[in-house]
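K.L.:
Got a sequence here, can you model it:
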Amino acid sequence: MTDDQAGRKATAVRGVVCWSAGVLALLVALPLVAAGRLPDRLATHWDAGTGEPDGSMPLWAASLFPALIWAVTATIVLLTRRRVRATSNGGTRGWAGATLGFGGVALLGGQACVVRANLDHADWHEAGSVTGGVVVTLVAAAAVGGAALLAGHRAQALAPKRDPEG
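P.N.:
Presented below is the predicted three-dimensional model:
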């Protein structure tokens, strides 16, 4: 591995770590920052047919549950990426960025929707709709995931080919 390749790899790892830590911090902080304007329990699930809230969690759980999902997802992606890189010819480049990009934006958008829907309501049963926010979140998450996948494929196309005998 050349010094340039090692530098790019280190930069990519730092980027993944910073993205993962940033998403984790925002997932935890978003509800906690707005805690003074939120009910004790937050609506966290809505009936698909009526759009009315039909499930709730205490504030601490609504803050930590998405963060736990993210921590597990990011850890699995990082460990799997390391293993795949060691056993493949690099043909899977981009999937990790796409997974982390899509997952991070989807979870952050979902958390923002939950907080916005519950904001300034005395009880979780009064929470507003999340439908519009969820649609926007999914579109944005798909765009980020797709862009990361394309960037990974482009990086693979531009990377020097490995010599199988070297």
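K.L.:
Which stretches in the protein count as helices?
P.N.:
Taking DSSP state H as the test, the helices found in the chain are 3-33, 59-87, 95-118, 131-158.
K.L.:
deepest of those, which one?
P.N.:
helix 95-118 (a mean of 21; mean count of other C-beta atoms under 10 Å). In short, each C-beta sits where N, CA and C put it, glycine included.
K.L.:
who does that one touch, helix- and strand-wise?
P.N.:
Here helix 95-118 is seen to pack against helix 3-33, strand 41-46, helix 59-87, helix 131-158 when contacts are counted using 3 or more C-beta pairs under 8 Å, 6 or more residues apart in numbering; DSSP states H and E.
K.L.:
Take these and write them to a markdown table, including mean pLDDT and distance to residue 119.
P.N.:
Formatted as a markdown table, the helices and strands packed on helix 95-118 follow (pLDDT from 0 to 100; distance: least, C-beta to C-beta, whole Å):
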| stretch | mean pLDDT | distance to residue 119 |
| --- | --- | --- |
| helix 3-33 | 85 | 10 |
| strand 41-46 | 96 | 10 |
| helix 59-87 | 86 | 12 |
| helix 131-158 | 88 | 12 |
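K.L.:
closest one to residue 103 among those?
P.N.:
Among the helices and strands packed on helix 95-118, the nearest to residue 103 by C-beta to C-beta is helix 59-87 (5.3 Å).
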